[in-house]
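A.B. asks: just the structure for this:
(2 chains)
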There are 2 protein chains.
Amino acid sequence: MQFKKITIIGVGLIGGSIGLNIKKRHPRTEIVGVTAHSKTLRAALRCGAVDRGTLDAKESVVGADLIIIATPVDRILKTLRKIMPKVKRGCVITDVGSVKGSIVGDAERLAGNKASFIGSHPMAGSEKRGIDEAKSGLFKGTPCIVTKTSRSDREALKKVRDFWKDLGSDTYVLSPEEHDEHISKVSHLVHIAAATLCLTTDTSSLKFASSGFRDTTRIASSDSKLWIPIVLSNRLNVIKDINRYIAELGQIRSIIASNDGTRLRKKLLKAKAIRDNFEVT
Amino acid sequence: MQFKKITIIGVGLIGGSIGLNIKKRHPRTEIVGVTAHSKTLRAALRCGAVDRGTLDAKESVVGADLIIIATPVDRILKTLRKIMPKVKRGCVITDVGSVKGSIVGDAERLAGNKASFIGSHPMAGSEKRGIDEAKSGLFKGTPCIVTKTSRSDREALKKVRDFWKDLGSDTYVLSPEEHDEHISKVSHLVHIAAATLCLTTDTSSLKFASSGFRDTTRIASSDSKLWIPIVLSNRLNVIKDINRYIAELGQIRSIIASNDGTRLRKKLLKAKAIRDNFEVT
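C.D. replies: As a prediction, the model looks like this:
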């Protein structure tokens, strides 16, 4: 492990899983965890995700070589602003937020010349959250996007990328804007589509639902507190993708209305080919 | 088991799972399986889903007390027309089709006074198909709708319902029209929504997709040959539900466009409550 002391701010599903993974394979790396609640802190210590826990983010970063801000997206910049005075010169800082455009530019400016901020987004969430759901293998074989801008420090970028590779992620380097465009399609729109399916279903019909409905709507169980700032801060992309989705639904509706089995077959076969080509652990 | 000889026409995922389940618990019940391909027949014999197999549907039903038509929906009525001359007087006939309005009335007329047709729909599919995917526990804890019309024979209805209960299903009795309205919402619309999500996603974005995308789009891998006749024969309900879905998506889009976190929270919390209330094995 290239980092001697790592501070993880926000020890939930993602932060906790990072800690568990590192402690398992690099037991000599020191991990300090920061949470807002002492109950979470105790759970993180108990399961071995952190060596030491604190409620004080500023104090926690003193001497850290890597700081991972694993809070909900609407608290990333606030957290960075708070810790910067105590950050060690030359420190690498990253986050795990599901949006990048609204974070990375400001975060780079806040880090200034004192530290290097490199945005990260490990695509390894769940509809569940919290330290109790954390597991060391969470990142294995999942994509992790690391952002690169004109300000990115090359060495810091490499360190962050290597860090995620070491956790088992397949890493990709994108600009924050490219990240937001792609993730709107494969994640943010998907959340909206699943939640809206639930809203469209009469509750009287639910007792007849089976595994298809269960899986298609699973992520509608996600915590809205996490998702609202994500969707709203990427809203231009999300709206564009909702529009594309509605347009596609309109096309399929016309095909069904005209009872056109040949054209419906083409659409469903194309969808199946796209889905069959996609493999994830 | 109340039936001594059962004929299953179409020994795929559903028909094969029925056979496996009955043979496991009622080994003395004779099961004859009918398939279109001798390869499937051999597989059904090998795994023990049927005692005897044949490619000849007419011959297979001679002496049967219960006939289960487990073909794709567009072949149910054709199959019934073919077998009726050989069906034993007083025999009970059912199907496993995912639509009922376009089948049950005609099937009842075809069965006439000679036999009793009762429609069934076990909600126990998968995106996979075929005898190799069959398993005896497929129906455990899943809903099965049995249809009742003004023509339904009470005793036959009870027998069919008891049959599905015996397989582990939670049974519900609905009219064919009620069935089609409910299932459009919890299944047919869900298939369209999942397939359309795939069509909306640029393939260049797919490498960044993770478990959320995987589960939400799983059923887009279903066999289009099975789904086209289902969706088209229930198209009035499906179109109504696509319209409702598009209207809901439009509402969410407006909320996102106006950056209204409070209203978005209400929507996402409502969707989450609906999803969290839903439990299926």
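A.B. asks: what is the end-to-end distance of stretch A:82-98?
C.D. replies: 21 Å (CA to CA, to the nearest Å).
A.B. asks: quick one: that stretch near chain B?
C.D. replies: No - for stretch A:82-98, no contact with chain B is found by CB under 8 Å from any CB of the partner chain; the gap never falls below 10.5 Å. Yep, even glycine has a C-beta here, placed from its N, CA and C like the rest.
A.B. asks: next one: that stretch to chain centre, how far?
C.D. replies: 18 Å (CA atoms, centre = their mean, to the nearest Å).
A.B. asks: do the same with stretch A:66-82
C.D. replies: Worked out by CA atoms, centre = their mean, stretch A:66-82 lies 13 Å from the chain centre.
A.B. asks: how about the strands of chain A, start to end?
C.D. replies: Secondary structure of chain A by DSSP state E: the strands cover A:5-9, A:30-34, A:52-54, A:66-69, A:92-95, A:116-118, A:120-122, A:143-147, A:170-174.
A.B. asks: any chance of the ones you listed in TSV, with mean neighbour count too?
C.D. replies: Converted to TSV, the strands of chain A look like this (neighbours: other CB atoms under 10 Å in any protein chain shown):
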stretch	mean neighbour count
strand A:5-9	26
strand A:30-34	25
strand A:52-54	17
strand A:66-69	27
strand A:92-95	27
strand A:116-118	26
strand A:120-122	26
strand A:143-147	25
strand A:170-174	18
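A.B. asks: tabulate those (CSV), appending mean pLDDT.
C.D. replies: Output for those, formatted as CSV (pLDDT from 0 to 100):
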stretch, mean pLDDT
strand A:5-9, 98
strand A:30-34, 97
strand A:52-54, 96
strand A:66-69, 98
strand A:92-95, 98
strand A:116-118, 98
strand A:120-122, 97
strand A:143-147, 97
strand A:170-174, 97
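A.B. asks: closest one to residue B:175 among those strands?
C.D. replies: strand A:143-147 (47.6 Å; CB to CB).
A.B. asks: all helices for chain A, in order.
C.D. replies: A:13-25, A:38-47, A:57-60, A:76-83, A:104-111, A:154-166, A:176-183, A:189-200, A:211-216, A:224-233, A:235-257, A:261-277 (DSSP state H).
A.B. asks: got the phi and psi for the most centrally placed residue in chain A?
C.D. replies: Centroid check for chain A by CA atoms, centre = their mean gives residue A:98 as the closest residue, at 4.2 Å. The phi and psi values for residue A:98, taken as degrees, to the nearest 10, are phi -80, psi 0.
A.B. asks: again, but for residue A:142
C.D. replies: phi -100, psi 150.
A.B. asks: run a quick neighbour tally on the closest residue to it other than its chain neighbours.
C.D. replies: Distances taken as CB to CB, 6 or more residues apart in numbering or on different chains place residue A:124 nearest to residue A:142, at 4.3 Å, with adjacent residues excluded. Neighbour count of residue A:124, defined by other CB atoms under 10 Å in any protein chain shown: 24.
A.B. asks: quick check: residue A:124 vs residue A:13, distance?
C.D. replies: Look at residue A:124 and residue A:13: by CB to CB, to the nearest Å, they are 9 Å apart.
A.B. asks: okay, and the common contacts of those two?
C.D. replies: residue A:138 (CB atoms under 8 Å, 6 or more residues apart in numbering or on different chains).
A.B. asks: residues of the stretch 51-200 of chain A that sit close to chain B?
C.D. replies: So far as CB under 8 Å from any CB goes, the stretch 51-200 of chain A lies against chain B at A:123-127, A:142-143, A:145, A:172, A:181-183, A:185-187, A:189-200.
A.B. asks: I figured residue A:108 hits residue A:150, correct?
C.D. replies: No - between residue A:108 and residue A:150 there is no contact under CB atoms under 8 Å: 9.5 Å.
A.B. asks: so the two - more neighbours on which side?
C.D. replies: residue A:108 (22 against 6).
A.B. asks: got a pLDDT number for the more buried one?
C.D. replies: At residue A:108, the predicted lDDT confidence score is 98.
A.B. asks: mind listing what it touches?
C.D. replies: Residue A:108 touches A:117, A:149, A:151-152, counting by CB under 8 Å, 6+ apart.
A.B. asks: change it to 10 Å
C.D. replies: By CB atoms under 10 Å, 6 or more residues apart in numbering or on different chains, residue A:108 lies in contact with A:93, A:115-119, A:147, A:149-153, A:176.
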